[in-house]
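>>> Structure here, sequence nowhere to be found:
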């Protein structure tokens, strides 16, 4: 498969600088300069072609198969599965000839976490005093991010706060100065879906991103706001369609041992009791207070909405057991070759963790293991293939390339969060994060989709490289699901680092319309965060190979180019000027 860039594109990235006064066209000097640029471009093309040839579907699939095997036990942090995984990654980095990425001379960055197993009971008392006991897992999921033996919330008034959003730039405040200390907030999932005044059947693109979700719609933001308001708890109403995943995903993700970065102080990102309510149970709770859920949901779409006390009292008692877990990020690097630029870095990341084993599930052991083949053995395998391509270059890139395999992504991007708070390489010298999450295993595509497209000029590099592959780039067609905020890249973005994060391209070559969406929806409904996320012998890895080449070349050109990625003026996470 030939994936060569155009000569003009290669020349634009291989030239370190332009002459202040270009020679007049047609002069001998101009002809010589053009010939030199063409020769440099041809040399770069040959070099990249040779490096891309190292990207191999067979070895990629071998890595995925190994990491997603029963032997690795679902790769949960703090388990035998973690030790096997980090040993494997260190072995592979050594085999490829990569340097240890930690300045202490090792491949590991210790991430101090605490694994908390919460055993909650929850009930609510209606206006008439009738008490309803909820069933953990079936009706709700609640946990704790605090290493405390027992957490009790008694007679906490339930208050409906709409979408739980406070966004001054949109003149939106669901809280209106209400005193919510000690209360439990009930919140709707996602952003407020406001209709476009000019086209009521569409969402207003000027508010909360229109059809695309913003960070305000993420559960992480909602829990942060509850903690900021001094609430005792926060319960998000789960609705499968706007969430883009069924309630089973919530149960699998949060109903067992959960992890937090270890700190003796309470985690400021969570109230004492964060959780989710199953949709039908939420309707029952509203009814117990004399309210209709759908009516209040409609009222929450107004800027005039104010918090609504539901007249229902919540009682929660959590017994917690915890263990301190020294989990690990695995880090390797290729040092930059330019003495002036090698202190600037490009970070490729992929999370290695998944959900381990649930021995309460029926069936043989293999049906109790959360194998995590696409999520995210595929991303880790991609990290290794890209590293192999870089090592095949005759000269290392000008800037340093860092390969970061993170822990705890499934528990709230813990490894990435810890790294950005305790970076091994300065954040202000980190030019871009290219995050690898899942891969296309259903064939080649005509287009490339980018999550969060339009945030930074790093997207422009992706567009140029994809054009050289004969493909177009477009925004995530499922932006309403908020996938841009659901991976390690969000921690880098929040720290001010531009990111590149591919989405699931749906326009497949040689396949009927709707093929890609059908595959994606089936994966989301039947495999995502379940024991069924396994290697499939029917996978078509040609699309994965093409995307891996795209991501390799994107990082390479950023590492070589004079101009570095910049946030665009309207970028959501534009915190600081791009590093120089």
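Great, that's in hand. In this text, all values refer to a predicted model and were calculated from it rather than measured experimentally.
>>> so where is the protein shaky, pLDDT-wise?
1-25, 30, 32-37, 39-40, 575-580 (pLDDT under 70).
>>> Tell me which residue is most central in it.
residue 487 (1.1 Å; Cα atoms, centre = their mean).
>>> what helix or strand is it on?
Under DSSP states H and E, no helix or strand contains residue 487.
>>> dump the residue contacts of residue 443.
508, 509, 510, 511, 540, 542, 543 (Cβ atoms under 8 Å, 6 or more residues apart in numbering). Backbone N, C-alpha and C define where each C-beta goes, glycine included.
>>> same check, this time on residue 260
113, 114, 116, 145, 146, 267, 270, 411, 412, 414.
>>> quick one: it from residue 178, how far?
As judged by Cβ to Cβ, to the nearest Å, residue 260 and residue 178 stand 28 Å apart.
>>> Now do stretch 54-61: distance to the chain's middle.
With Cα atoms, centre = their mean, to the nearest Å as the basis, stretch 54-61 stands 24 Å off its chain's centre.
>>> ditto for stretch 169-188
26 Å.
>>> Would you mind listing the buried residues in that stretch?
170, 172, 174, 175, 178, 180, 183, 184, 185, 186, 187, 188 (16 or more other Cβ atoms under 10 Å).
>>> The first one reaches residue 210, doesn't it?
No. Counting by Cβ atoms under 8 Å, no contact exists between residue 170 and residue 210, whose distance comes to 11.8 Å.
>>> Farthest-apart pair in the buried residues of stretch 169-188, please.
Among those, the pair separated by the greatest distance (Cβ to Cβ) is 170 and 184, at 25.8 Å.
>>> List the buried residues in the host helix or strand of residue 248.
If you go by DSSP H and E, residue 248 is part of helix 247-254. Neighbour-count burial for helix 247-254 flags 247, 249, 250, 251, 252, 253, 254 (criterion: 16+ other Cβ under 10 Å).
>>> just to revisit the earlier point, which among the contacts of residue 260 gets closest to residue 403?
Distances from residue 403 to those, taken by Cβ to Cβ, are shortest for residue 414, at 18.6 Å.
>>> Which residue, other than its chain neighbours, is closest to the closest one?
residue 408 (3.0 Å; Cβ to Cβ, 6 or more residues apart in numbering).
>>> do the same with residue 144
Nearest one to residue 144, counting by Cβ to Cβ, 6+ apart, is residue 118 at 5.0 Å.
>>> quick check, that neighbour in a strand?
Yes. Counting by DSSP: H, G, I helix; E, B strand; the rest coil, residue 118 falls inside a strand.
>>> and the longest strand for the chain?
Criterion DSSP state E: the longest strand present in the chain is strand 308-334.
>>> centre of the chain versus the helix or strand that it is followed by, how much separation?
On the C-terminal side of strand 308-334, the nearest following helix or strand under DSSP H and E is strand 345-351. Taking the mean of its C-alpha atoms, strand 345-351 sits 12 Å from the chain's own mean (Cα atoms, centre = their mean).
>>> what's the burial count for residue 240?
If you count neighbours by other Cβ atoms under 10 Å, residue 240 ends up with 16.
>>> how close does it sit to residue 491?
Taken as Cβ to Cβ, the span from residue 240 to residue 491 is 27 Å.
>>> Likewise for residue 372?
20 Å.
>>> Tell me which of the two has more neighbours.
Each of residue 372 and residue 491 has its neighbours counted (other Cβ under 10 Å); residue 372 has more, 32 against 25.
>>> what angle separates the helix or strand where residue 432 lies from strand 345-351?
Here residue 432, judged by DSSP H and E, is contained in strand 430-435. Here the directions of strand 430-435 and strand 345-351 differ by 20 degrees (axes from the mean of the first three to the mean of the last three Cα atoms, to 10 degrees).
>>> Could you chop this structure up by domain?
Domain segmentation of the chain under automatic domain parsing yields 52-106+335-560, 115-322.
>>> And the last one, end to end?
In terms of Cα to Cα, to the nearest Å, the two terminal residues of domain 115-322 are separated by 5 Å.
>>> Please apply the same query to stretch 468-476.
20 Å.
>>> Check stretch 182-193 too.
29 Å.
>>> Same check on stretch 374-382?
11 Å.
>>> same question, stretch 279-299
18 Å.
>>> List the buried residues of that stretch.
279, 281-286, 288-289, 291, 293, 296-297.
>>> Equivalent analysis for stretch 429-446, please.
430-445.
>>> same question, stretch 470-480
471, 473, 474, 475, 476, 477, 478, 479, 480.
>>> Once you drop chain neighbours, what's closest to the residue nearest to the centre of the chain?
In space, residue 487 is closest to residue 437, 5.0 Å off (Cβ to Cβ, 6+ apart).
>>> Now do the end-to-end distance for stretch 357-370.
Rule used - Cα to Cα; the end-to-end distance of stretch 357-370 is 6 Å.
>>> what distance separates that stretch from the centre of its chain?
That offset, for stretch 357-370, works out to 26 Å (Cα atoms, centre = their mean).
>>> what does stretch 207-218 give?
The mean C-alpha position of stretch 207-218 is separated from the chain mean by 16 Å, Cα atoms, centre = their mean.
>>> thinking again about what came up before, mind putting the domains of the chain into CSV with distance to residue 28?
Formatted as CSV, those follow (distance: least, Cβ to Cβ, whole Å):
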stretch, distance to residue 28
domain 52-106+335-560, 29
domain 115-322, 53
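>>> out of the ones you listed, nearest to residue 328?
domain 52-106+335-560 (5.3 Å).
>>> ok, and what's touching stretch 67-77?
66, 79-82, 84-85, 88, 113, 115, 257, 259, 325, 327, 352-357, 365-366, 369-373, 377, 380-381, 407-408, 411, 414, 533-535.
>>> Selection in PyMOL covering whichever of those are buried, please.
Here is the PyMOL selection string for the buried members of the contacts of stretch 67-77, based on 16+ other Cβ under 10 Å:
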select buried, resi 66+79+81+82+84+85+88+113+115+257+259+325+327+352+353+354+355+356+357+369+370+371+372+373+377+380+381+407+408+411+414+533+534+535
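>>> Of the contacts of stretch 67-77, which belong to strands?
113, 115, 259, 325, 327.
>>> quick check, nearest of the residues you listed to residue 52?
The closest of these, once distances to residue 52 are taken by Cβ to Cβ, is residue 327, at 33.7 Å.
>>> about what we covered before: and the buried residues of stretch 429-446, which two are furthest apart?
Once Cβ to Cβ is applied, those give 430 and 443 as the farthest pair, at 33.8 Å.
>>> Let's have the buried residues of stretch 470-480 in a markdown table, adding secondary structure and distance to residue 564.
Converted to a markdown table, those look like this (DSSP: H, G, I helix; E, B strand; the rest coil; distance: Cβ to Cβ, whole Å):
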| residue | secondary structure | distance to residue 564 |
| --- | --- | --- |
| 471 | coil | 24 |
| 473 | strand | 20 |
| 474 | strand | 24 |
| 475 | strand | 23 |
| 476 | coil | 24 |
| 477 | coil | 29 |
| 478 | coil | 29 |
| 479 | helix | 26 |
| 480 | helix | 31 |
